[in-house]
Every structure is written in structure tokens, then in C-alpha cells.
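Asker: My questions concern the predicted model and sequence given below.
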Amino acid sequence: MKLALNGATTMHADLSTDIRAASAAGFELIEIWSAKLYRYLEANTIDVLAAELIAAHVEPYAINSIEHVTFRGIDDYDKVLAECETLAAIAGRIGCPYIVVVPGKLPAGVERETIITESVRVLNEMGDIAVEHGVSLAFEFLGQSDCSVQTLDLAREIIAKVDRYNVGLVLDTFHFYAGGSSFNAIDALDPRKLFIFHINDAEDVPREQLTDAKRLYPGEGILPLAEIKERLARIGYDRMASIEIFRPEYWEQDPFDVARRAKAAAEHVFGLGGTL
């Protein structure tokens with residue numbers, strides 16, 4: 001299982017710092033936060049970024065993310081497609097295989113079949129753009145009640161209907177728990193369609209009070225990480241895990257220390273011998 005540092009975990013650090021922190025902590029992969037990428041490219045070229053990643057011995061695994069891709073108005077949707085073209089072109093140039101795409105908010109009164117139809121349409125249109133650059137899309141459901149796709153169960157059904165090799169899933173442990181996804185949905189997964197696994201933990205508060213700010217290092221909270229890990233192993237998933245934690249307290253700390261602690265915590269959960 002390869003481990004990735006996700007740029008959300010060190011949100012206040014810039015992309016160069018993320019790359020150096022990931023390298024210093026011993027991460028093999030990095031999930032690039034798109035806002036940091038745009039800022040980086042204001043002063044640097046894509047070739048400079050590629051060289052920096054190579055020098056650090058850190059592989060770019062995903063760009064995270066294009067937000068609210070579904071249920072957009074015509075003008076906003078054109079911007080979504082334009083951003084897909086922009087990020088897919090960058091990803092292709094630096095050898096980054098995935099872009100994370102996030103469903104839109106849940107419109108009032110919309111039924112399940114409409115959510116599926118809209119999600120399938122959008123993922124196919126974005127997938128057509130990404131494939132031209134040799135890039136795949138990882139669709140991430142969010143457990144919050146205002147998201148149109150809140151569970152792994154529904155996300156898996158959507159991806160099955162899309163049925164194309166360059167569109168798959170993200171499973172995030174926080175969203176899996178917060179949205180009430182079923183363990184049966186993991187059992188039914190085709191591991192080849194699980195492109196990205198986000199690992200994190202959460203404070204012991206009522207589910208309806210969970211927010212991204214309540215996330216913790218893996219192993220420090222109440223999420224059922226052991227069972228999720230066991231179920232993923234049972235279906236043969238061992239590709240990668242990316243530590244994604246939106247905790248403002250961590251953002252104020254030294255990103256090198258945060259990266260080191262995040263990697264050690266994940267290694268401990270996976271039984272890889274990390275030292276906490």
C-alpha cells in the first residue's frame with residue numbers, strides 16, 4: 001500500500017512545501033491541492049513542477065479537485081468543463097493519473113433517478129475530456145446531507161452506469177461514516193474501480209455534528225478504520241491511501257511535522273511499522 005500526502009492536510013503550506021514535506025516524511029505519492037497548483041503556476045511552469053516532483057522522488061497521484069460538477073447552470077457548467085480541460089492537460093504533462101471530481105449540492109425535491117442520470121451525463125462528458133490527456137476521473141461522494149451523492153452505495157451505482165475505464169471512485173473514510181455508507185458497498189466494489197482511498201479519523205461527536213474540521217490523524221478517533229481496512233483487503237484493494245485531514249489546528253503547525261505524523265499514523269493503522 002503506497003501512501004500519499006494530501007494537500008488539504010497541510011492547507012496553509014504552498015505546493016513546493018508540500019512536495020518537500022512529503023519527500024522528507026518518506027511519502028511515495030502526493031495528492032495535489034488544485035488551489036495550490038494554480039498559485040504555483042502563477043510563478044512557475046508545468047515543466048518546473050515536473051522537475052521538482054522528480055527531484056523530490058514524489059509521484060503526483062491526483063489533483064484534488066473540481067468541485068460541484070453536477071446540477072450546475074449552463075454558464076457554470078461550461079466553467080466546470082473548462083477546468084477539467086485545464087487540469088487534465090496539466091495532469092497529463094506531469095504524469096498524474098487522476099483528477100478528483102466532486103458531485104454538486106442536492107437540489108430541493110430531486111429524486112434518486114435524476115441524481116443518477118445527471119451524474120452519469122456529467123461524468124461521461126468530463127471523461128471524454130480527460131481521456132484525451134490520458135487522465136482518469138475519481139468521483140468522490142460526500143457524506144454531508146447537502147451533497148447530491150452521500151454514500152458509497154449510490155456512487156458505486158453511478159460509476160457502474162458510466163461504465164468507462166477512466167472514471168472510478170474515491171472512498172473517504174470520513175465521508176463513508178458521516179453519510180452512513182454500508183459495508184456491503186465495499187464488499188461489492190470492483191477494486192479496479194476504486195482509484196483513490198482517503199484515510200482519516202474523526203472526533204467522537206454525534207454523526208450530525210461531524211464536520212471536516214473534526215477530522216483527526218488515522219487511529220486517533222472513532223471511525224471504523226479496522227473494518228474498512230479489512231473489507232478492502234478482502235476485495236484485493238492495496239493500491240494506495242491518501243491522508244486527507246481538514247483540521248485547522250494542523251494547518252497552523254509545521255507542515256513537515258504534520259506530514260511525518262500523518263504518515264506514521266497511517267502506517268500504524270495499516271500495520272506497516274510506523275512510529276507515532
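Answerer: Structure received.
Asker: is it fair to say Ile129 lies in a helix?
Answerer: Yes. Under DSSP: H, G, I helix; E, B strand; the rest coil, Ile129 falls within a helix.
Asker: give me the element the nearest residue to it once chain neighbours are set aside is part of.
Answerer: Spatial nearest neighbour of Ile129, excluding adjacent residues (CB to CB, 6 or more residues apart in numbering): Cys84 at 4.8 Å. Using the backbone N, CA and C atoms, a C-beta is placed for each residue, glycine as well. Per DSSP states H and E: Cys84 is located in helix 74-94.
Asker: Can you work out which other helices and strands pack against that helix?
Answerer: helix 34-41, helix 46-56, strand 59-66, strand 98-101, helix 112-131 (3 or more CB pairs under 8 Å, 6 or more residues apart in numbering; DSSP states H and E).
Asker: and those, which is most packed in?
Answerer: strand 98-101 (a mean of 26; mean count of other CB atoms under 10 Å).
Asker: Send me it as CSV with only the CA atoms.
Answerer: Extracted in CSV, the C-alpha atoms of strand 98-101 (Å, rounded to 0.1, in the frame of the first residue of the first chain):
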residue,chain,number,x,y,z
TYR,A,98,-6.2,11.1,-11.6
ILE,A,99,-8.3,14.2,-11.0
VAL,A,100,-10.8,14.1,-8.2
VAL,A,101,-14.3,15.4,-9.1
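Asker: For it, give me every contacting residue.
Answerer: Strand 98-101 is contacted by residues 31, 61-66, 69, 84, 87-88, 91, 123, 126, 130, 135-140, 170, 195-196 when judged by CB atoms under 8 Å, 6 or more residues apart in numbering.
Asker: Recalculate using a threshold of 6 Å.
Answerer: Counting by CB atoms under 6 Å, 6 or more residues apart in numbering, strand 98-101 makes contact with 62-66, 69, 87, 91, 136-140, 170, 195, all of which sit outside it.
Asker: got the CA positions of the helix holding Cys84 in CSV?
Answerer: The C-alpha atoms that make up helix 74-94 are tabulated as CSV, following Å, rounded to 0.1, in the frame of the first residue of the first chain:
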residue,chain,number,x,y,z
ILE,A,74,-25.2,26.4,-18.3
ASP,A,75,-22.5,29.1,-17.7
ASP,A,76,-21.2,27.4,-14.5
TYR,A,77,-21.1,24.0,-16.2
ASP,A,78,-19.0,25.4,-19.1
LYS,A,79,-16.6,26.6,-16.4
VAL,A,80,-16.5,23.1,-15.0
LEU,A,81,-15.7,21.6,-18.4
ALA,A,82,-13.0,24.3,-19.0
GLU,A,83,-11.4,23.5,-15.6
CYS,A,84,-11.5,19.8,-16.5
GLU,A,85,-9.6,20.6,-19.7
THR,A,86,-7.1,22.7,-17.9
LEU,A,87,-6.4,20.3,-15.1
ALA,A,88,-6.3,17.3,-17.4
ALA,A,89,-3.8,18.9,-19.6
ILE,A,90,-1.6,19.7,-16.6
ALA,A,91,-2.0,16.2,-15.1
GLY,A,92,-1.1,14.7,-18.5
ARG,A,93,2.1,16.8,-18.7
ILE,A,94,3.3,15.8,-15.2
